[in-house]
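> Next one to model:
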Amino acid sequence: QVQLVESGGGLVQAGGSLRLSCRASGRTFSRYAVGWFRQAPGKEHEFVAAITWSGTSTSYTPPVKGRFTISRDNAKNTGYLQMNSLKPEDTAVYYCAAGPGLGEKTSEFDYWGQGTQVAVSS
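Residues are numbered from 1 along each chain as shown. Got it, this is the predicted structure:
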């Protein structure tokens, strides 16, 4: 079992930056890939980014490429999502998840955090 807790969300103006953290506890975090998803009001979960257990491979959804960077520090059992040049359409609840591989579907991740709200004002 892996427990995940996100932090770092908040309200920011368009063009600003936030860094989300995903702290893991329980079973060995370094064995799992980490993904970030987001859910805007009235919409389904949307894949944002993922990183392999080793950190050597990453994947991003096209709307965030070049603006968001996913990373991890296995020594700290923590994953990160650095978000720059934020836009109002990035407003959503952001969730981190852990799973066996570099997936882009919610079904490919076994463990989920409770989410952190990101709001971007225009």
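> so who does the residue nearest the centre of the chain touch?
Nearest residue to the geometric centre of the chain (CA atoms, centre = their mean): Trp36, 2.6 Å. For Trp36, the contacting residues are 20, 22, 48-50, 70, 79, 81, 94-97, by CB atoms under 8 Å, 6 or more residues apart in numbering. Using the backbone N, CA and C atoms, a C-beta is placed for each residue, glycine as well.
> Buried subset of those residues, written for PyMOL?
To isolate the buried ones among those in PyMOL, judged by 16 or more other CB atoms under 10 Å, type:
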select buried, resi 20+22+48+49+50+70+79+81+94+95+96+97
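> In a markdown table: the contacts of Trp36, plus secondary structure and distance to Gly8.
Putting the contacts of Trp36 into a markdown table (DSSP: H, G, I helix; E, B strand; the rest coil; distance: CB to CB, whole Å) gives the following:
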| residue | secondary structure | distance to Gly8 |
| --- | --- | --- |
| Leu20 | strand | 4 |
| Cys22 | strand | 9 |
| Val48 | strand | 14 |
| Ala49 | strand | 14 |
| Ala50 | strand | 18 |
| Ile70 | strand | 13 |
| Gly79 | strand | 11 |
| Leu81 | strand | 8 |
| Tyr94 | strand | 9 |
| Tyr95 | strand | 13 |
| Cys96 | strand | 10 |
| Ala97 | strand | 16 |
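> quick one: secondary structure of the residue nearest to the centre of the chain?
Three-state call for Trp36 (DSSP: H, G, I helix; E, B strand; the rest coil): strand.
> Just give me the closest of the contacts of Trp36 to Thr28.
Gly79 (13.8 Å; CB to CB).
> Against Thr91, how distant is that closest one?
21 Å (CB to CB, to the nearest Å).
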